[in-house]
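1. Quick check, what structure comes out for this input:
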Amino acid sequence: MNDGDHKAADVTVRWPEVGVAALLLLIAALVIADSLRVGIGWADDGPRSGYFPFYIGLMLAGTSAWTLVGQLLRWRRTTAVFADRGQLAMVLAVLWPMVLYVGLIAGLGIYAASAMLITYFMRRHGRYGWAPTAGVALGVPLFFFLVFERWFLVPLPKGPLERLLGF
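-> Numbering: from 1, shown residues only. Modelled structure (predicted):
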């Protein structure tokens, strides 16, 4: 398919490039502002805290602005397809469960939320039976519980289930 043969439902590269460039430009502005707040010069003992982040922020701002302006200048000529409807559906099939997972961590804890996410993906997208799904969905969080909580002594977010079990 050449650049001019895309369907109306396809997403061209225009908006993704503009959106990402604008987001990175905003992040660069935050990095630069905070670097100026903490100091970008040299102290008696070397560079101040904001010295290196300031210059990284400047480079990020420059490349983001270059991308943003370049895309805006060729706006009408840009017809390259970023993703078609089917590709976007596959991305959303993974994105929405992940967003839900992050939200569930706060209420249920990371272990219960992880078991639910693994169960969903194995059943829905992997089409595994209940036995392997249960083994993996319970085994993976248990493994990470043992590694982080018991071996490394790093507490991860817990929910009502862990409190009920005394953790």
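
2. May I ask which helix or strand of this protein has the lowest mean pLDDT?
-> The helix or strand of the chain with the poorest confidence is strand 11-12; it has a mean of 84 (mean pLDDT, DSSP states H and E).

3. Return the distance of the residue at the greatest distance from the centre of the chain relative to A113.
-> No residue in the chain sits farther from the centre than D44, which is 39.0 Å out by CA atoms, centre = their mean. Computed as CB to CB, to the nearest Å, the D44 to A113 distance reads 49 Å. The C-beta positions use only the backbone N, C-alpha and C, and glycine is treated the same way.

4. I'd guessed L117 sits against Y101; true?
-> Yes. Between L117 and Y101 there is a contact under CB atoms under 8 Å: 4.6 Å.

5. in stretch 84-98, what counts as buried?
-> Buried positions in stretch 84-98, judged by neighbour count with 16 or more other CB atoms under 10 Å: P97.

6. what helix or strand does the closest residue to L58 other than its chain neighbours sit in?
-> Leaving out its chain neighbours, the residue that sits closest to L58 by CB to CB, 6 or more residues apart in numbering is I32, at 6.6 Å. Taking DSSP states H and E as the definition, one finds I32 inside helix 14-38.

7. Report the mean confidence score over the next helix or strand after that helix.
-> As assigned by DSSP H and E, the chain's next helix or strand after helix 14-38 is strand 42-43. Mean per-residue pLDDT for strand 42-43: 88.

8. Can you list the strands that strand 42-43 pairs with?
-> As defined by DSSP bridges, the strand partners of strand 42-43 come to strand 46-47 (antiparallel).

9. neighbouring contacts of the least confident helix or strand of the chain?
-> Residues from elsewhere that reach strand 11-12 (CB atoms under 8 Å, 6 or more residues apart in numbering): 6, 78-84, 88.
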